[in-house]
Each structure stands twice: as C-alpha cells, then as structure tokens.
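Colleague: Provided below are the primary sequence and the corresponding predicted coordinates.
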Amino acid sequence: MHLEMLKGKIHRARLTHCDIDYEGSLEIDIDLLKKAEILPYEKILVVNATNGERLETYAIPGEAGSKVFRLNGAAARRGQVGDIVTIMAFALFSREEAETLLPKVLVLNENNDVIAVRRGRRDIQE
C-alpha cells in the first residue's frame, strides 16, 4: 500500500502576475522551487487564502531570484496580483516512509522572501 503525502510546500506566497493569455499553470522562481524540493513540471495543488479558490496544475520554473508567482492561462482566473497562496506537492510513500516523513516547508513574507524553512513543523537552518 502507498499513501499520498505532502512532500513540499511554499506557504503564504504572494501572486506577482496573472496572465490569461500565457501558457497555463503556475510559474514559480526556480530558486524557491528547488528550496521547497518541488520539481519543474511537477503536479501541484494551489490554495488561494485570499479568495478560497483551489486548483491543480503544474509548476513552471521562473527566473532565478525573481520571486515570481505567475498564474497563467485559465488558472489566472483563480487569483489576482497580491493574493496569498500556498503551493503543495505530494508524492506516494510506503507506510514505513510515511510514518517518518517530514515534508519541506518554506514560509514567505509579503515580499516573497523566505522567512522560515521547516521539516515538518520544525524550523531548520539552511
């Protein structure tokens, strides 16, 4: 048996762009993707804390250091610039792996700067 578990999360990111005429999905600064252990083109769940919308899409790598969070295509209708979103990636784990899993979590401030990095609920230094 495998369990679908959270493996990486970016918490409280601010949308920087919404572009309905661009190729779909969510563009995210590649540095933040790497730090959260989310791969380019990996399936993600995006939860908009500002308006309550939820959507599944995939992560497009954005320019390193840009702090970009750009909703593209039809997904752009699910948010506005400045909305607060959480991005989550999940993976399948055996029960044994799941019992010891500590997902990587980035917490961002209003400028999309990383203010905390956690494994599970524990802060870590990087």
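Modeller: Good, I have the coordinates.

Colleague: Paired strands for the helix or strand bottoming out on mean pLDDT in the chain, with orientation please.
Modeller: Within the chain, no helix or strand scores below strand 122-123, which has a mean of 71 by mean pLDDT, DSSP states H and E. Within its sheet, strand 122-123 is paired with strand 114-119 (antiparallel), according to DSSP bridges.

Colleague: ok, residues contacting the partner strand?
Modeller: 32, 35, 102-109, 123-126 (CB atoms under 8 Å, 6 or more residues apart in numbering). Bear in mind the C-beta positions are built from the backbone N, C-alpha and C, glycine included.

Colleague: Kindly indicate which of these lies nearest residue 3.
Modeller: residue 103 (12.8 Å; CB to CB).

Colleague: I'd guessed that closest one sits against residue 9; true?
Modeller: Yes - between residue 103 and residue 9 there is a contact at 6.1 Å, judged by CB atoms under 8 Å.

Colleague: residue ranges of the helices in this structure, please?
Modeller: 30-36, 95-100 (DSSP state H).

Colleague: per-residue pLDDT, the residue most central in space within the chain?
Modeller: Taking CA atoms, centre = their mean, the centroid of the chain lies closest to residue 87, which sits 2.7 Å from it. pLDDT recorded at residue 87 is 98.
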